[in-house]
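Chemist: quick check, what structure comes out for this input:
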Amino acid sequence: MKNWFDHKMSAFEFMKIGFVDPFNNEIVFEGLQDKRITVETSMVSERSSFYVEFGSGVPAYRRDDGMIIAAAVTSDDFLCIAVWKDLDSVSNKMGSLADGSVVCEIREK
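Modeler: Next up, the predicted model:
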C-alpha cells in the first residue's frame, strides 16, 4: 500500500486475490493510520463487467491527491482492494450490504 500512497502505482484500480485468515486491515495499511477516513455508507466500485461493494464501516484511506483506497474480504475468502478517484466517486448504487458490514461482495453486471 505504501507504493500506492507514494504515487508509484498510478494505474492500480482493483485487485482480487486468494486470502488466508485472519485479515488485518491494520497490517495491510501499516504506517498509514493517519490517512484513515470513515465512510458512513457502503462503497461501490463499478468495473467493466462487475460491481464490487464494500460494506459501511470498512476502513478507507485517503491519499494526498484525494484518491481513496479500501480493502476487505469477500464471503468466499478473497481479499479485494479497490481505488476511487475521490470521495465523491464512492457510489452507493447497490446498498445491499448491511450497515456495519466489514465484507465486500462482487456481482456481475
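
Chemist: CA only for contacts and neighbour counts going forward, please
Modeler: Noted.

Chemist: how about the residue positioned nearest the centre of the chain, what does it touch?
Modeler: Using CA atoms, centre = their mean, the residue of the chain that lies closest to the mean C-alpha position is Ala70, 2.5 Å off. Contact partners of Ala70, counting by CA atoms under 8 Å, 6 or more residues apart in numbering, are 58-61, 81-83.

Chemist: and if we set it to 6 Å?
Modeler: By CA atoms under 6 Å, 6 or more residues apart in numbering, the contact set of Ala70 is 60, 81-82.

Chemist: what ranges do the helices span in this protein?
Modeler: Shown for the chain, the helices assigned by DSSP state H span residues 2-5, 25-28.

Chemist: what lies in contact with the first one?
Modeler: Spelled out, it's helix 2-5. Residues contacting helix 2-5 (CA under 6 Å, 6+ apart): Arg63.

Chemist: can you point out the buried residues in it?
Modeler: Phe5 (16 or more other CA atoms under 10 Å).

Chemist: dump it to CSV, restricted to CA.
Modeler: Output of helix 2-5 as CSV, limited to C-alpha atoms (Å, rounded to 0.1, in the frame of the first residue of the first chain):
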residue,chain,number,x,y,z
LYS,A,2,2.9,2.3,0.7
ASN,A,3,3.8,2.3,-3.1
TRP,A,4,0.3,3.4,-3.9
PHE,A,5,0.5,6.2,-1.4
